[in-house]
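Student: Sequence first, predicted coordinates after that:
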Amino acid sequence: MDTTKTVKPRSLTDWLRARFKWLTEPLGAFAGRLGVHPNVITFAGLLGNVAGAAALAWGNISLGGLIILLMGPVDALDGATARASGQKSPFGAFVDSVTDRYSEAIIFLGLMIHYLRQPGDQAQALVLIFLSFAGSVMVSYAKARAEALNFDANVGWLTRVERYLILAPLLLINQPMAALRLIAVLANVTALQRIFHVRRQFYDKNK
């Protein structure tokens, strides 16, 4: 009998979830006892990111970065609340994923409005925003499509957590172009990493 098991790569998201479980699980249980529905927390995080994007759009880059940074723990709390209150469901996971994509899109929209309001040629910034957004979406899409076809695509350098850890701190110190340059390159590299990872699995299965 073949007892060999496939060990899935552990992402930074998995590591952080395990590392901060001591904090998120009690907070989630507390929110559950208060009767807070996990989706309420999910949408609160989305609204927070909308506020952060509005600050970015009006040129308050550091304030926007601070708000977006504060929304990170909120994003982790909805799942913990769902597990603690027994309300974990595929629909809740779907809502969480969709709002995550909207949060990222709105943040990039805030940056785009900011640069459109600046004098001079802002073509470089706008191209970087497009590449950052496209790469971020493709990272998520590649994983979702792969899993729908029973492949694993949980690999790559820049999952959503890594993008958040690049974007929010660099916005906080008023370095939006540095954040965009990193994400524009590394998010698209990550999408390619996932594509080649799925390709490898396909050919391994069909040897």
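Tutor: Noted; the coordinates are in hand. Residues are numbered from 1 along each chain as shown.
Student: Please work out how many residues are found near the residue nearest to Leu172 when sequence neighbours are not counted.
Tutor: Among residues not flanking Leu172 along the chain, Gly65 sits closest, at 3.6 Å (Cβ to Cβ, 6 or more residues apart in numbering). From N, CA and C alone the C-beta is placed, and that goes for glycine too. Residues within reach of Gly65, counting by other Cβ atoms under 10 Å, total 25.
Student: Would you mind listing the residues in contact with Gly65?
Tutor: When contacts are counted by Cβ atoms under 8 Å, 6 or more residues apart in numbering, Gly65 touches 52, 56, 167-174.
Student: Reformat those as TSV; add neighbour count.
Tutor: TSV is the format used below for the contacts of Gly65 (neighbours: other Cβ atoms under 10 Å):
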residue	neighbour count
Gly52	26
Leu56	28
Leu167	24
Ala168	21
Pro169	14
Leu170	20
Leu171	28
Leu172	18
Ile173	12
Asn174	13
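Student: quick one: which of the residues you listed sit in strands?
Tutor: Within those, no residue falls in strands by DSSP state E.
Student: before we move on, back to that, give me the element the residue nearest to Leu172 is part of.
Tutor: Using DSSP states H and E, Gly65 falls within helix 61-84.
Student: ditto for Glu104
Tutor: When elements are assigned from DSSP H and E, Glu104 belongs to helix 90-116.
Student: Show me what that helix is packed up against.
Tutor: Judged by 3 or more Cβ pairs under 8 Å, 6 or more residues apart in numbering; DSSP states H and E, helix 90-116 is in contact with helix 38-57, helix 61-84, helix 123-148, helix 160-172, helix 176-205.
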